[in-house]
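Peer 1: Quick one, structure for this:
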Amino acid sequence: MEIIFNLKILLQRLLLAIFYSIGLFSPILHAQETIDLISLYQEALRNDSLLSSARFQNEAAQELVIQGKSLFLPSIIMNASFDNQNKERKFLTPSLPSNDLLSGKKTNYKTYDYGVTIKQPLFDYSAYAEYKKILTQTSLSDKQLINTQQDLIFRISKSYFETLLAKDQVDLFQYQRAAIQEQLSKAEAQFEVGLISVTDINEAKTKKALIEAQQISAVQKFKIKKREIQIITGKLPGKLTPLNPVITFTEINNLADEWISMSQENNIKLQIKKDEIKIAESEIDSRRSGHYPTINAIASRSRNWDKGGYPYGATKNEGMRSYSDSIGVEISIPIFSGGMTSSRIREAVLLKSKLEEDIKYLRKEIELQVRDYYLSLQTNFSEISAYQQAMQAATLQLESTQLGFQEGLRNSVEVLDAQQILFNAKLNVLESRYNYIMNFINLKLSVGMLSIADLDEINQYLMAN
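Peer 2: Residues are numbered from 1 along each chain as shown. You can find the predicted model right below:
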């Protein structure tokens, strides 16, 4: 009985090993379905709506430069009109001299006129301040686009590794369920020969039911994570390339203060806030220009004629024509606007002060984030080694507990507990590796140096087909 029981266990382990090896290493089955991080990022570049929105916003901001230059160029306005005059008048005096112009009561004639006005700004400080603001706005838009691109790298990486972790959790529950089933088979075999009580069998069945419930939840989470990738890339991903289990990470050598110093210069959100302060300064200049005069050169030409000649009572005429040409300089000097200009200046100064306080807080927040991610990265690096040692110890503990169970020195509950410790250790190893990668990405993002080169580096950690 003992020999048959051991052969049964060996056969189960062999089948599990074969299926596991085929699932992980068969290029024939999975080569066409596997997608790595770089490929997924390329899909996101083509389909992410947030990035497309930022690109359109950036292109629209470039048009502001043309609009700003137009403030210094001449403007030409042309107007024309046509009127059909139909007039009638009534005399209140009893008698007037006999004269067509004075005695006529009705007239009907047409009038035409057109004119062209050219205006060239000579001095307009508000236009200069507005143009400076526009240049800063385009710079701000460029930085916002870079921020969106970095955010896309972060979002696709986060979704990628969260999906991998969800898939690993599904696999771990599956392997744990198989291990519990194996232990249940052992317990039933020993129960049949009277070596253990029914309590061991019931414990294994209960544990198996709990794992099955947790596996259902894990599968649901895995499906949701794949849908998150679909939102970014536009389609459900195939099989994601997993982390190489034998890859080793390199501990960062830079000090935390060095990372903080780089973040104060390169963080995109900080640079955006600096541009917002520059825009506020230009807005103050623009509002102060409400006290300054404006000078424009103006040239105009107008023509007017009518077909009715004298306005009343004329029976025969050739109409009237008038001509006007002018050129000169127009000066407009603001005197008083009810305090509006001064109030708007004070408002702009206060808004700039608000932005200056915002940037002070943002600097402190970025420093805290950099320290957090830096320390977390160091902690993850140490955790990976510690959890791997714990997993090795848990493996040895499980083997010794299983051996003790076979010899009647341990019960089924102790074996199940040892299995749980081992699977928890495996999950801790997986989570620490994913956390290391994500904290590395978070650190580069908070510093403002996250780029496609970082994705290339991380992609090397994945298992090759």
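Peer 1: From here on, just use CA atoms for contacts and neighbour counts.
Peer 2: Fine.
Peer 1: So what touches the helix or strand hosting residue 52?
Peer 2: For residue 52, the element it lies in under DSSP states H and E is helix 49-70. Here helix 49-70 makes contact (C-alpha atoms under 8 Å, 6 or more residues apart in numbering) with 45, 127, 130-131, 134-135, 137-138, 141-142, 144-145, 148-149, 152, 232.
Peer 1: for the chain, which residue is closest to the average position?
Peer 2: Taking C-alpha atoms, centre = their mean, the centroid of the chain lies closest to residue 148, which sits 4.3 Å from it.
Peer 1: Give me the pLDDT for that residue.
Peer 2: pLDDT, residue 148: 95.
Peer 1: and it, what does it touch?
Peer 2: Going by C-alpha under 8 Å, 6+ apart, the list of residues near residue 148 reads 50-51, 54.
Peer 1: Return a selection command, for use in PyMOL, containing the buried ones of these.
Peer 2: Selection command for PyMOL covering only the buried members of these, criterion 16 or more other C-alpha atoms under 10 Å:
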select buried, resi 51+54
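Peer 1: quick check, nearest of the contacts of residue 148 to residue 166?
Peer 2: Distance to residue 166 across these (C-alpha to C-alpha) is lowest for residue 50, with 25.2 Å.
Peer 1: Lowest mean pLDDT among the helices and strands, pick that one out for the chain.
Peer 2: Least confident helix or strand, the chain: helix 27-30 with a mean of 38, by mean pLDDT, DSSP states H and E.
Peer 1: how about stretch 184-202: buried residues?
Peer 2: Within stretch 184-202, the residues that count as buried by 16+ other C-alpha under 10 Å are 184-191, 196, 200-202.
Peer 1: quick one, phi/psi of residue 235?
Peer 2: phi -150, psi 160 (degrees, to the nearest 10).
Peer 1: before we move on, back to that, ok, of the contacts of helix 49-70, which one's closest to residue 179?
Peer 2: Nearest to residue 179 among those, counting by C-alpha to C-alpha, is residue 232 at 37.2 Å.
Peer 1: wait, is that closest one part of a strand?
Peer 2: No - Residue 232: not assigned to a strand; according to DSSP: H, G, I helix; E, B strand; the rest coil it is helix.
Peer 1: how close does it sit to residue 146?
Peer 2: 17 Å (C-alpha to C-alpha, to the nearest Å).
Peer 1: got it, and residue 115?
Peer 2: Note on residue 115: its distance to residue 146, by C-alpha to C-alpha, is 49 Å.
Peer 1: just the strands in this structure please.
Peer 2: 34-35, 75-88, 106-123, 239-240, 294-306, 320-332 (DSSP state E).
Peer 1: Just the CA atoms from the third one would do, formatted as PDB, please.
Peer 2: Coordinates of each C-alpha in strand 106-123 appear next as PDB, following Å, rounded to 0.1, in the frame of the first residue of the first chain:
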ATOM      1  CA  LYS A 106     -41.200 113.600 -51.800                       C
ATOM      2  CA  THR A 107     -38.000 112.100 -53.200                       C
ATOM      3  CA  ASN A 108     -36.700 108.600 -54.000                       C
ATOM      4  CA  TYR A 109     -33.000 107.900 -54.800                       C
ATOM      5  CA  LYS A 110     -30.100 105.500 -54.100                       C
ATOM      6  CA  THR A 111     -26.900 106.100 -52.300                       C
ATOM      7  CA  TYR A 112     -23.600 104.200 -52.400                       C
ATOM      8  CA  ASP A 113     -20.400 104.400 -50.300                       C
ATOM      9  CA  TYR A 114     -17.300 102.400 -49.500                       C
ATOM     10  CA  GLY A 115     -14.200 103.000 -47.400                       C
ATOM     11  CA  VAL A 116     -10.900 101.400 -46.500                       C
ATOM     12  CA  THR A 117      -9.000 101.900 -43.200                       C
ATOM     13  CA  ILE A 118      -5.500 100.700 -42.500                       C
ATOM     14  CA  LYS A 119      -4.200 100.800 -38.900                       C
ATOM     15  CA  GLN A 120      -0.600 100.100 -37.900                       C
ATOM     16  CA  PRO A 121       0.200  99.900 -34.100                       C
ATOM     17  CA  LEU A 122       3.200 102.100 -33.200                       C
ATOM     18  CA  PHE A 123       3.100 101.600 -29.500                       C
END
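Peer 1: Buried residues in that strand, which are they?
Peer 2: 107, 109, 111, 113, 115, 117-123.
Peer 1: now do the fifth one
Peer 2: Neighbour-count burial for strand 294-306 flags 294-300, 302, 304-306 (criterion: 16+ other C-alpha under 10 Å).
Peer 1: from those residues, which single one is nearest residue 396?
Peer 2: Once C-alpha to C-alpha is applied, the member of those that ends up nearest residue 396 is residue 294, at 87.5 Å.
Peer 1: That closest one reaches residue 120, doesn't it?
Peer 2: No - with contact defined as C-alpha atoms under 8 Å, residue 294 does not reach residue 120; the gap is 11.1 Å.
Peer 1: Which residue comes closest to residue 125 once chain neighbours are left out?
Peer 2: residue 289 (5.8 Å; C-alpha to C-alpha, 6 or more residues apart in numbering).
Peer 1: quick one: pLDDT of that neighbour?
Peer 2: Model confidence at residue 289 (pLDDT) stands at 90.
Peer 1: any idea how far residue 344 is from it?
Peer 2: Distance, residue 289 to residue 344, by C-alpha to C-alpha: 11 Å.
Peer 1: Domain ranges for this protein, per the record?
Peer 2: The record assigns the chain these domain ranges, following automatic domain parsing: 36-72+124-292+334-459, 74-86+107-123+293-333.
Peer 1: Pick the most buried one from these.
Peer 2: Ranked by mean neighbour count, the domains of the chain are led by domain 36-72+124-292+334-459 with a mean of 18 (mean count of other C-alpha atoms under 10 Å).
Peer 1: so how far does that one reach from one end to the other?
Peer 2: End-to-end distance for domain 36-72+124-292+334-459: 7 Å, by C-alpha to C-alpha.
Peer 1: now swap in stretch 442-461 and tell me
Peer 2: End-to-end distance for stretch 442-461: 17 Å, by C-alpha to C-alpha.
Peer 1: any idea how far the helix holding residue 52 is from the chain center?
Peer 2: Centroid displacement of helix 49-70 relative to its chain, using C-alpha atoms, centre = their mean, to the nearest Å, is 17 Å.
Peer 1: What of stretch 324-337?
Peer 2: Distance, centroid of stretch 324-337 to centroid of chain: 49 Å (C-alpha atoms, centre = their mean).
Peer 1: Give me the average confidence score over that stretch.
Peer 2: Averaged across stretch 324-337, the pLDDT comes to 91.
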